[in-house]
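Engineer: dropping the sequence and predicted coords here.
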Amino acid sequence: MKTFRFETSFGRILGMAHTAMFRHLAKQMKEKNLPVTPDQFRVLTYLWQNDGLQQSELALCTDRNRANVTRIIDILEREGVVLRKDDPNDRRVFRIFLTDLGRQLKDETAECAFRSIEDSLVDVSDEDRATTLSVLRKIIQNVG
């Protein structure tokens, strides 16, 4: 049996890459004075596609627990990016809607995300990018 070395393991390197990309995106957004973090951006991407989703739907889409999504929405609401409205069919449920500011943030935050990804893939060939995406999809299929 092979000796497991955490510091050089596939999972560790993958986690470090994710963390580095996450921090780089946060830095890009901060430099642009955007009132959005990468976690909040993840939620917003789904609202930009389908405004008015339920909080529970956002939790499923973003692969986050409901408490985490509630906290993110609380912050976005406080920043004036989204607002909660009662669901007309179920008063126990809130739907989340973008404000004008939330809609205005789409292009600039998407540009930060694009730039962050491109920065992270400097000197990575198209072939290596395709192979990496293929491997990551297989990992998700195997254990997701």
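Structural biologist: Cool, got the structure. Residues are numbered from 1 along each chain as shown.
Engineer: skipping adjacent residues, who's closest to the most centrally placed residue in the chain in space?
Structural biologist: By Cα atoms, centre = their mean, the mean C-alpha position of the chain lies nearest to Arg42, the distance being 2.7 Å. Closest residue in space to Arg42, ignoring its immediate chain neighbours: Thr62 at 5.1 Å, by Cβ to Cβ, 6 or more residues apart in numbering. From N, CA and C alone the C-beta is placed, and that goes for glycine too.
Engineer: just the strands in the protein please.
Structural biologist: Taking DSSP state E as the test, the strands found in the chain are 53-54, 82-87, 90-98.
Engineer: who are the packing partners of the first one?
Structural biologist: Secondary-structure packing of strand 53-54 (3 or more Cβ pairs under 8 Å, 6 or more residues apart in numbering; DSSP states H and E): strand 90-98.
Engineer: distance of Asp51 relative to Thr19?
Structural biologist: Separation of Asp51 from Thr19 (Cβ to Cβ, to the nearest Å): 30 Å.
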